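Enquirer: would you be able to build a 3D model of this:
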Amino acid sequence: MGVHGVVAAGARAARVDPLLADRVVEALLLVGLPVAHGGHGPGVHLFATGGAAGDGVDPDRWPLTLRWLCSARLEDAAAAAGAGSPWLRTRQVVAASVETALAELLPALGLAAVRETPDGPTRVGPADPADPADPARQTVTAAAVPAPHLPAETLAAVRRSAALAGLPLARHPRAAGVALTTCPPAPDAPLTTDAVDAVDVVDVVDAVDVAWRPSPRLPGAPAVSAAVREAMHHAVGSALTACGLRTSWHRPPDSPPHLHAVTPVTPAPAAATR
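Expert: Numbers count the residues shown, from 1 in each chain. Predicted structure coming up:
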């Protein structure tokens, strides 16, 4: 059976460069993303470009192809759905969000990466000589902070949406994944809604701040940490919104934007996102 329209037999016929694959897997673990070993998700599925693409992509320049596999529930529902189904649209948006983030953040970790089309896969090429993902470099240390008190209903909704998308939840301060905390708005900074996901201004009492927490071993160089944080922050927002979570961006003038989430109006996946 194919993955994202790719014939599995063709993918197995081409040999994956083990050294490049190891570099990609190490980078993914530093970011905090799971790897879909053997094509079983959720996680990032790696396969050789030469035996699977058939679309004119140079396998010598881009020998590896990456695809995001969502939860088995979402993948199965999308596969069984017809064109125009919200399940199919949800899976497409979640996968596109994460794959776009991969193309944006992997270069900061010493890997060449590109995504040629909005609905195409992420291609990966040989690593650059400089290796910012070297574990011997400075790493980010997660602070031991007490767990915040979060509204139970909203917390459960975020967990459901993250599980559907296949994104791990950061369950303690040193864990990688979707991190949740309280985030009261600035006194003079109103909440602004996402441009496409039209939601009402959220009740901040029931809102949680949603962000991405990478592995504590992620190199602490500003270019690396900023690339991972920004790419994954937007990917998480798009993915969770596509899975039915109500979100809005809080953009205070003196700090980076915060993604707020509240309990969705309905549990069904949203048909549109950013």
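
Enquirer: please count neighbours and contacts with C-alpha atoms only from this point.
Expert: Fine.

Enquirer: just the strands from this structure, written as ranges.
Expert: Applying DSSP state E to the chain gives strands spanning 43-48, 64-69, 111-114, 122-127, 177-181, 191-192, 208-213, 246-250, 258-262.

Enquirer: what's the spacing between the residue nearest the centre of the chain and Arg15?
Expert: What sits nearest the mean C-alpha location of the chain, by Cα atoms, centre = their mean, is Val98, with 3.8 Å. From Val98 across to Arg15, the span is 25 Å (Cα to Cα, to the nearest Å).

Enquirer: coming back round to it: relative to Ala101, how far out is the residue nearest to the residue nearest to the centre of the chain when sequence neighbours are not counted?
Expert: In space, and not counting its chain neighbours, Val98 is closest to Ala235: 5.4 Å by Cα to Cα, 6 or more residues apart in numbering. For Ala235, the distance to Ala101 equals 6 Å [Cα to Cα].

Enquirer: then Pro42?
Expert: Taking Cα to Cα, one finds Pro42 at 16 Å from Ala101.

Enquirer: do the same with Asp254
Expert: Note on Asp254: its distance to Ala101, by Cα to Cα, is 25 Å.

Enquirer: low pLDDT regions in the stretch 1-150 of the chain?
Expert: When residues are selected by pLDDT under 70, those of the stretch 1-150 of the chain lie in 1-14, 51-56, 127-149.

Enquirer: adding mean neighbour count and distance to Arg171, write the strands of the chain out as TSV.
Expert: Listed next are the strands of the chain as TSV, based on neighbours: other Cα atoms under 10 Å; distance: least, Cα to Cα, whole Å:
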stretch	mean neighbour count	distance to Arg171
strand 43-48	24	18
strand 64-69	26	21
strand 111-114	22	29
strand 122-127	23	29
strand 177-181	21	8
strand 191-192	18	27
strand 208-213	24	11
strand 246-250	26	21
strand 258-262	24	17
